[in-house]
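1. Structure of the sequence below:
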Amino acid sequence: KFNTHSSFTITRRHFIMWTRSILLSLSSTMIFTKVTQAFMNPRLQLSAQFLALKAKGSVQVSDVLATPKWPEEWPFTAADLARQDESNDGYFYQEPRFCYHVDDRAVAALTDYYAAEFPKMCGADGEKPAVLDLCASHVSHFPKDVAEYTGKRVALGMNKKELEQNTQVDEFVVKDLNEDPTLPFPDNSFDVVTNAVSIDYLSKPLEICKEVARVLKPGGTAMFALSNRCFPTKAVGIWLKTNDLEHVFMVGGYFHYTGMFKPPTAVEVGPNPSWSGGQSQNIAYLSVVRATVDK
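-> As a prediction, the model looks like this:
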């Protein structure tokens with residue numbers, strides 16, 4: 001027996017039970033804390049959203065950003081945005097590629113989308129919209145008559161020889177946005193910023209989307225086109241581990257976490273949609289995630 005005061009005596013058995021109860025209580029508290037912290041982890045919250053998308057069998061591209069549940073903080077880790085090939089991108093893009101990187105029908109669908117949307121971006125004074133095409137090449141997939149309803153058109157890309165052949169723009173800039181995500185333009189320079197099937201190659205998407213917001217004029221819109229094709233060694237890691245619907249959620253998140261855009265939306269523009277488990281089965285799959293700057 002353990003004696004504390006003459007009026008209070010406990011047995012060894014009671015002492016052991018009492019000690020165990022305290023330890024169990026502490027363990028339960030610690031476990032609860034760990035579990036709570038885990039559920040509050042932005043990356044795990046993002047994974048939960050991805051699982052929820054996979055569990056829904058009939059989700060359309062337009063549904064993904066209709067009522068999104070964003071983690072409170074930026075959820076993408078350095079590992080998510082790392083690539084298999086982290087060598088200087090200048091080496092990879094050193095030789096020009098005068099070809100389309102997606103199906104011809106996907107290209108046609110994107111061109112039709114631009115033809116319908118660009119004229120809507122005219123300013124209140126009727127001024128034709130200025131357009132910036134990011135990650136551009138020898139073609140920006142703009143309509144042939146784009147000059148009739150747009151103003152200044154600028155392409156920014158990696159290969160000078162490709163950009164010199166781009167007749168759909170008035171001027172171009174050669175720049176590696178993974179090396180420096182700063183856009184070399186003044187604030188409020190453009191009404192539209194496009195990116196055709198290249199957002200998956202950008203390892204600093206948050207910084208770039210903040211720059212997009214900066215160079216957009218009030219009421220301006222970013223339009224990012226997504227496909228189901230890529231150069232896998234240059235795409236960010238999380239892109240290769242997720243499906244087409246999750247890609248829409250990710251790019252919508254890039255806009256959301258800048259805090260500089262109105263809620264993003266998405267639409268599938270490619271012909272003959274066909275889906276299985278969140279992955280498009282259409283060789284000509286193409287979606288556009290867009291957001292209007294909030295300023």
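2. From what I see, residue 150 and residue 133 are in contact.
-> No. When contacts are counted by CB atoms under 8 Å, residue 150 is not listed as touching residue 133 (11.0 Å). The way it works is simple: take the backbone N, C-alpha and C, and place the C-beta from them, glycine included.
3. so who does residue 139 touch?
-> With CB atoms under 8 Å, 6 or more residues apart in numbering as the criterion, the residues that contact residue 139 are 100, 166, 168.
4. Please repeat the previous calculation with a cut-off of 10 Å.
-> By CB atoms under 10 Å, 6 or more residues apart in numbering, residue 139 lies in contact with 98-100, 107, 111, 133, 155, 162, 165-169, 196.
5. so which of the residues you listed comes closest to residue 275?
-> Taking CB to CB as the measure, residue 275 lies nearest residue 107 of the contacts of residue 139, at 20.9 Å.
6. okay, now the closest one: neighbour count?
-> The tally of other residues near residue 107 (other CB atoms under 10 Å) stands at 21.
7. Using CSV, write out every CA atom in the helix or strand hosting it.
-> Secondary structure assignment for residue 107, by DSSP states H and E: helix 104-117. Output of helix 104-117 as CSV, limited to C-alpha atoms (Å, rounded to 0.1, in the frame of the first residue of the first chain):
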residue,chain,number,x,y,z
ASP,A,104,-6.3,19.0,-84.9
ARG,A,105,-9.9,18.9,-83.7
ALA,A,106,-8.8,20.2,-80.3
VAL,A,107,-7.0,23.1,-82.0
ALA,A,108,-10.1,23.9,-84.1
ALA,A,109,-12.2,23.9,-80.9
LEU,A,110,-9.9,26.3,-79.1
THR,A,111,-9.8,28.6,-82.2
ASP,A,112,-13.6,28.6,-82.3
TYR,A,113,-13.7,29.4,-78.6
TYR,A,114,-11.4,32.4,-79.0
ALA,A,115,-13.5,33.5,-82.0
ALA,A,116,-16.6,33.6,-79.8
GLU,A,117,-15.0,35.1,-76.6
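8. Can you point out the buried residues in it?
-> Buried residues in helix 104-117, counted by 16 or more other CB atoms under 10 Å: 105-111, 113-114, 117.
9. dump the residue contacts of residue 104.
-> Neighbours of residue 104 in contact, by CB under 10 Å, 6+ apart: residue 284.
10. Can you name the element that comes right after the helix holding residue 107?
-> For helix 104-117, the following helix or strand on the C-terminal side (DSSP H and E) is strand 131-136.
11. Who are the contact partners of residue 114?
-> By CB under 10 Å, 6+ apart, the contact set of residue 114 is 131, 133, 140-143, 146, 150, 168, 192, 194, 196, 223, 225, 269, 288.
12. Output stretch 185-199 as CSV - backbone C-alpha positions only.
-> Coordinates of each C-alpha in stretch 185-199 appear next as CSV, following Å, rounded to 0.1, in the frame of the first residue of the first chain:
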residue,chain,number,x,y,z
PHE,A,185,4.8,44.3,-69.0
PRO,A,186,3.4,47.2,-67.1
ASP,A,187,0.3,46.9,-64.9
ASN,A,188,-3.1,46.9,-66.7
SER,A,189,-1.6,46.1,-70.1
PHE,A,190,-4.0,43.4,-71.5
ASP,A,191,-7.7,42.6,-71.6
VAL,A,192,-7.1,38.8,-72.2
VAL,A,193,-4.3,36.5,-71.2
THR,A,194,-4.3,33.1,-72.9
ASN,A,195,-2.3,29.9,-72.2
ALA,A,196,-2.7,26.9,-74.5
VAL,A,197,-2.0,23.5,-73.0
SER,A,198,1.1,24.6,-71.2
ILE,A,199,0.1,25.4,-67.6
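13. quick one: the strands in the chain?
-> 2-5, 8-10, 131-136, 153-157, 171-174, 190-196, 216-226, 265-268, 275-276, 279-280, 287-292 (DSSP state E).
14. Mean neighbour count, mean pLDDT and distance to residue 90 for those strands - can I get that in JSON lines?
-> Output for those, formatted as JSON lines (neighbours: other CB atoms under 10 Å; pLDDT from 0 to 100; distance: least, CB to CB, whole Å):
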{"stretch": "strand 2-5", "mean neighbour count": "8", "mean pLDDT": "44", "distance to residue 90": "76"}
{"stretch": "strand 8-10", "mean neighbour count": "11", "mean pLDDT": "48", "distance to residue 90": "76"}
{"stretch": "strand 131-136", "mean neighbour count": "26", "mean pLDDT": "97", "distance to residue 90": "14"}
{"stretch": "strand 153-157", "mean neighbour count": "24", "mean pLDDT": "98", "distance to residue 90": "12"}
{"stretch": "strand 171-174", "mean neighbour count": "16", "mean pLDDT": "98", "distance to residue 90": "10"}
{"stretch": "strand 190-196", "mean neighbour count": "26", "mean pLDDT": "97", "distance to residue 90": "19"}
{"stretch": "strand 216-226", "mean neighbour count": "23", "mean pLDDT": "97", "distance to residue 90": "23"}
{"stretch": "strand 265-268", "mean neighbour count": "20", "mean pLDDT": "98", "distance to residue 90": "32"}
{"stretch": "strand 275-276", "mean neighbour count": "14", "mean pLDDT": "90", "distance to residue 90": "37"}
{"stretch": "strand 279-280", "mean neighbour count": "20", "mean pLDDT": "92", "distance to residue 90": "32"}
{"stretch": "strand 287-292", "mean neighbour count": "25", "mean pLDDT": "98", "distance to residue 90": "28"}
